[in-house]
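# using only what follows, build the 3D model:
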Amino acid sequence: MSNITYRAGEYADSKQLPFRIEVERHTLFSLLPDIKGKRIIDVGCGEGIYSRQLIDLGATHVIGVDGAADFIDLARSKNEGCKGRIEYHHSLIQDFRGQEDRDLAVGSYVLSYPRNLDEAVTYCKSIAACLKRGGQFIGFNNNPFEVFDGVRHEEYGCQKEMHGDIEGGRVIYRVTGMSNPIINFFLKPETYEQAFREAGFSRFNWVKVLLNPNNPQGTDYWKNFFADEPPFISMIAEK
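Numbering: from 1, shown residues only. The predicted structure follows:
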């Protein structure tokens with residue numbers, strides 16, 4: 001993971017940007033199965049916004065895991081009303097000890113941080129260790145099918161910079177309102193697919209991101225975002 005730190009409050013505020021609400025959140029929650037009565041782990045939970053929303057949708061218990069202590073502190077400070085139903089852990093996912101007791105794992109961008117196949121396998125094995133047999137992982141990620149040299153998507157508040165399809169190459173996001181850039185790393189689609197196989201997942205699928213049809217910006221606003229390949233993609237894997 002990059003050693004550049006993100007300010008928890010700034011990152012939390014960025015969740016109100018249109019691409020976060022109308023694409024990221026809409027996609028993740030559209031892909032969820034029925035979660036009523038389910039036990040979930042939120043991998044890379046940040047300040048816990050999705051953990052809380054999963055409880056609102058009927059999950060009985062959520063574990064939130066994040067490697068940034070200030071994110072976890074902020075998540076715990078917002079946990080009023082969810083006490084006993086959400087527990088937060090300060091840990092990198094690759095260091096977290098799962099109990100194979102979760103029906104579902106969700107993860108926003110967490111698999112954008114491995115820099116090679118070995119690291120990706122480690123991440124995927126840690127996620128698998130949290131899941132029951134038959135449990136699913138639903139992720140939202142940097143899109144490895146979008147390859148270019150330069151800068152794109154600045155008009156959407158998530159300026160993306162990359163320079164070709166070199167494994168481990170940096171993918172830099174400059175998000176509106178955040179002081180520091182977010183540093184991800186490029187892996188080829190087949191690298192991710194192999195990582196999930198080696199981690200013991202029986203099924204893996206890429207899913208194109210979705211746009212909330214009721215978004216207030218309108219279709220024309222998002223035209224360039226979805227032209228060719230959008231910057232992000234989703235994945236569903238089953239253990």
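# all helices of this protein, in order?
Along the chain, the segments classed as helices by DSSP state H run 8-14, 18, 26-31, 49-56, 69-77, 117-128, 189-198, 223-226.
# so where's the chain uncertain?
For the chain, applying pLDDT under 70 flags the ranges 1-5.
# spit out the contact partners of the residue sitting nearest the centre point of the chain.
Nearest to the geometric centre of the chain sits S108, at 0.9 Å (Cα atoms, centre = their mean). By Cβ atoms under 8 Å, 6 or more residues apart in numbering, S108 lies in contact with E24, L28, G44, G46, Y50, G139, F140. Placement of C-beta: from N, CA and C, glycine included.
# and the first one, how many neighbours?
Counted with other Cβ atoms under 10 Å, the burial measure for E24 works out to 22 neighbours.
# hmm, P231 and it touching each other?
No: the criterion here is Cβ atoms under 8 Å, and E24 misses it with P231 at 10.5 Å.
# roughly how far apart are G107 and Y221?
For G107, the distance to Y221 equals 27 Å [Cβ to Cβ, to the nearest Å].
# same question for G44.
28 Å.
# neighbour count winner among the two?
Per other Cβ under 10 Å, whichever of G44 and Y221 has more neighbours is G44, with 25 against 15.
# what sits against the residue lying closest to the more buried one once chain neighbours are set aside?
Spatial nearest neighbour of G44, chain neighbours left out: V110 (3.6 Å); criterion: Cβ to Cβ, 6 or more residues apart in numbering. V110 makes contacts with V43, G44, I93, Y123, G139, as judged by Cβ under 8 Å, 6+ apart.
# how much space between V110 and F186?
From V110 to F186 the distance is 15 Å (Cβ to Cβ).
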